[in-house]
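Asks: missing the sequence, but the structure's below:
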């Protein structure tokens with residue numbers, strides 16, 4: 001496949017529950033770096049980042065279940081469901097000499113943390129991009145559910161004016177966001193959102209023993225300064241960094257900055 005002069009391949013694998021799809025670019029013998037998107041995104045959201053990555057990496061961007069060209073069940077959007085899918089992805093990459101690096105944005109920051117806590121021997125490093133840290137005993141996930149379902153409903157109704165209004169005060173590329181949402185199933189949005197208030201983050205985060213970087217966006221409401229301090233004290237394996245002047249969609253707002261932060265962390 002080719003998009004704006006950038007070539008990538010599409011790969012499909014069978015999991016316990018259905019067919020999962022991911023896209024790849026780079027040297028197939030190089031170290032894999034696996035990108036996982038947020039609640040209403042898909043694998044192609046990472047194409048600008050994949051274009052900037054050095055050739056020394058084999059880039060893999062996954063369509064989470066319920067998104068893109070992966071299977072879309074009516075039920076099954078818990079952390080366990082997602083980590084089981086990720087285990088299948090890692091199994092498909094097990095022939096590489098170097099263990100993969102795992103990168104998760106937002107919802108997938110939670111997925112990545114849970115996976116690393118459960119399977120630390122399967123990855124070599126990890127980057128968490130502004131993950132929601134809500135859960136039992138913690139403050140609720142800040143945005144309301146309608147912030148995610150509203151744009152999806154507007155897209156399905158063909159009301160592009162109402163859809164665009166949701167992103168009027170952001171740096172979001174509205175046309176690209178529309179493509180993402182068209183490829184996202186409503187049950188995936190609703191059930192993933194609800195899980196962020198009833199499934200833990202900190203319990204998994206504390207168990208991380210893989211070298212990790214957590215990037216918190218200054219203009220995002222997901223992690224306060226007090227919460228960031230707690231995360232910094234909670235796990236010495238995780239380097240915590242606040243990025244000034246940028247919103248939740250760090251890797252979309254400034255792909256070059258994001259890639260430079262990742263490569264610096266990886267000492268590339």
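Replies: Received, thanks. What you see is a predicted model, and the numbers here were worked out from it, not measured in a lab.

Asks: count of neighbours near residue 50?
Replies: Residue 50 is flanked by 23 other residues according to other CB atoms under 10 Å. Quick note: C-beta positions are derived from backbone N, CA and C, even for glycine.

Asks: That one and residue 96: what is the separation?
Replies: Distance, residue 50 to residue 96, using CB to CB, to the nearest Å: 17 Å.

Asks: what does residue 131 give?
Replies: For residue 131, the distance to residue 96 equals 26 Å [CB to CB].

Asks: Those two: which is more packed in?
Replies: For residue 131 versus residue 96, neighbours defined as other CB under 10 Å are more numerous around residue 131 (26 against 13).

Asks: With adjacent residues omitted, what lies nearest to that one?
Replies: In this structure, residue 131 finds its nearest non-sequential neighbour in residue 109, 2.6 Å apart by CB to CB, 6 or more residues apart in numbering.

Asks: Hmm, that neighbour is touching residue 132, no?
Replies: Yes: counting by CB atoms under 8 Å, residue 132 is a contact partner of residue 109 at 7.4 Å.

Asks: quick one, what contacts the residue nearest to residue 131?
Replies: By CB atoms under 8 Å, 6 or more residues apart in numbering, the contact list for residue 109 reads 128-132, 214.

Asks: try 7 Å
Replies: Neighbouring residues of residue 109 by CB atoms under 7 Å, 6 or more residues apart in numbering: 128-131.

Asks: try residue 79
Replies: For residue 79, the contact set (CB under 7 Å, 6+ apart) comprises 110-111, 114, 195, 199.

Asks: quick one: which of the residues you listed is most hemmed in?
Replies: When neighbours are taken as other CB under 10 Å, the top entry among the contacts of residue 79 is residue 110 (28 neighbours).

Asks: my guess is that one contacts residue 131, does it?
Replies: Yes: the criterion here is CB atoms under 7 Å, and residue 110 meets it with residue 131 at 5.4 Å.

Asks: Give me the common contacts of the two.
Replies: Residues within reach of residue 110 and of residue 131 at once, by CB under 7 Å, 6+ apart, are residue 201.

Asks: that older thread, what score does the residue nearest to residue 131 have for pLDDT?
Replies: Looking at residue 109, its pLDDT is 98.

Asks: can I assume it sits in a strand?
Replies: No: assessed with DSSP: H, G, I helix; E, B strand; the rest coil, residue 109 is helix; it does not lie in a strand.

Asks: From residue 134, how far out is it?
Replies: Using CB to CB, we find residue 109 at a distance of 12 Å from residue 134.
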